[in-house]
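*Asks:* generate coordinates for the sequence data below:
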Amino acid sequence: MTEQTTAEVQERARSAKEWVQVLAKYRAPSTRRSLLELAATLVPFAALWALAWLSLSVSNWLAFAIAVLNGGFLVRIFIIQHDCGHASYFNNRSLSDWVGRALGVLTLTPYDVWRRTHSIHHSHQGNLDQRGIGDVLTLTVEEYRARSPMGRFLYRLYRNPLVLFVLGPSYLFILQNRLPFGLMNSGWRYWTSAMGTNAIIAIALGLMIWLGGFLPVLLIFLPTSVIAGTIGVWLFYVQHQFEETHWAKEPDWQLHDAALSGSSHYVLPQPLRWLSGNIGIHHVHHLYSRIPFYRLTEVLRDHRALAEAQRLTIRDSIAQARLHLWDEKLQRLLSFGEARRIYGPI
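*Replies:* Numbering: from 1, shown residues only. Next up, the predicted model:
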């Protein structure tokens, strides 16, 4: 057995906790790189916004098409905001927070509210006893069967692709984010975050209408926001909703195992990987969230075992959208049809 092969075997044998120690060396951000990534995202975003606005005098459809394209850059803005929330983007936590708050206006996401609910998601991901905040609602087969007919209907409706990926993102980013849902009774900080973000968004929309009427809102602002929201929800979904993901009840649930095994490695072509800020390398991110997004590729380059773990292609991910119920016996997600064939009428 060669030395390289021995090293690969040792990597594959590492536990999730052992990987945490290995990944610690990638956590340090570069201020220069962070600023360059921020500029490389905000400048094209602003330029496309301006181009879409100018295009309104030529063609409404052209302005709309540019706005849709700009949704990709808004996704990348959200990823930078996401890293700020994990304190992984700048060494200075205060700077990270204020950059995150500013970007939250563009993403329609109150930063302090999102940071707290996202922290809950990271702390409880894959824990069947701690669902409900910052995740996609997932029922076990037994929980679904125990529901009333109306309860089962509502769950099926919620998990319908039209609701989950078309209507849901618009509701989440345009309506739900206007209030600190999940933290309504957690203090003034989250209300300040939500109301402050709302106030700046309202001022920006007012200026848009004053300068250009309602067309910039309808043909630029909304399409960019909706497309970005839809892409974001899809990415979040496939990063945790795949057939052999990880769910467990306490005391069998373990944070690091859930982080590594319950998150996918979404393999995207380079342009999409860049626009999504490497968020597809989600198993590494969940295992060590303090790694800046632009260093995640270093981890895969250096550690083949992680590069090959939980790989999910675009074609693979489309098939995952039909899986809706967690089977605690088989330890995998099932479709409603599979659950019916295994367990009878549901």
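
*Asks:* OK, contacts around Ile120?
*Replies:* Ile133, Gly134, Gly182 (C-beta atoms under 8 Å, 6 or more residues apart in numbering). Quick note: C-beta positions are derived from backbone N, CA and C, even for glycine.

*Asks:* tabulate those (CSV), appending neighbour count.
*Replies:* Shown next, in CSV, are the contacts of Ile120 (neighbours: other C-beta atoms under 10 Å):
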residue, neighbour count
Ile133, 16
Gly134, 18
Gly182, 16
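
*Asks:* and which of these is nearest to Pro251?
*Replies:* Ile133 (21.0 Å; C-beta to C-beta).

*Asks:* one step back: among the contacts of Ile120, which one lies nearest to His282?
*Replies:* Gly134 (14.2 Å).

*Asks:* now the nearest residue to that closest one once chain neighbours are set aside: which helix or strand?
*Replies:* Leaving aside its sequence neighbours, Gly134 sits nearest to His121 (C-beta to C-beta, 6 or more residues apart in numbering; 3.2 Å). Using DSSP states H and E, His121 sits within helix 111-124.

*Asks:* off-centre distance for the helix or strand following that helix?
*Replies:* Per DSSP H and E, the first helix or strand lying C-terminal to helix 111-124 is strand 139-140. When C-alpha coordinates are averaged (C-alpha atoms, centre = their mean, to the nearest Å), strand 139-140 and its chain have centres 21 Å apart.

*Asks:* model confidence over stretch 193-200, on average?
*Replies:* For stretch 193-200, mean pLDDT is 98.

*Asks:* same question for stretch 50-62.
*Replies:* pLDDT averaged over stretch 50-62 gives 98.

*Asks:* do stretch 337-346 as well
*Replies:* Rounded mean pLDDT across stretch 337-346 is 92.

*Asks:* ok, and the closest non-adjacent residue to Asp83?
*Replies:* Among residues not flanking Asp83 along the chain, Tyr89 sits closest, at 4.1 Å (C-beta to C-beta, 6+ apart).

*Asks:* just Ser123 next, same as before
*Replies:* Leu255 (7.4 Å).

*Asks:* likewise Asn198?
*Replies:* Once flanking residues are discounted, Asn198 sits nearest to Arg178: 5.6 Å by C-beta to C-beta, 6+ apart.

*Asks:* that neighbour: neighbouring residues, count only.
*Replies:* 15 (other C-beta atoms under 10 Å).

*Asks:* how much space between it and Arg322?
*Replies:* When distance is defined by C-beta to C-beta, to the nearest Å, Arg178 is 32 Å away from Arg322.

*Asks:* same question for Ser170.
*Replies:* The value you get for Ser170 to Arg322, if C-beta to C-beta is used, is 22 Å.

*Asks:* per-residue pLDDT, the residue nearest to Gly134?
*Replies:* Listed pLDDT for His121 reads 96.

*Asks:* list the contacts for it?
*Replies:* Counting by C-beta under 8 Å, 6+ apart, His121 makes contact with Ile133, Gly134, Asp135.

*Asks:* what residue ranges in the stretch 1-150 of the chain score low on pLDDT?
*Replies:* Where the stretch 1-150 of the chain drops to pLDDT under 70, the residues are 1-13.

*Asks:* quick one on the thing from earlier: verify the stated contact: the residue nearest to Asp83 with Ile80.
*Replies:* Yes. Between Tyr89 and Ile80 there is a contact under C-beta atoms under 8 Å: 6.4 Å.

*Asks:* who has more neighbours out of these two?
*Replies:* Set Tyr89 next to Ile80 and count neighbours by other C-beta under 10 Å: Tyr89 wins out with 29 against 24.

*Asks:* return the backbone torsion pair for the more buried one.
*Replies:* phi -90, psi -40 (degrees, to the nearest 10).
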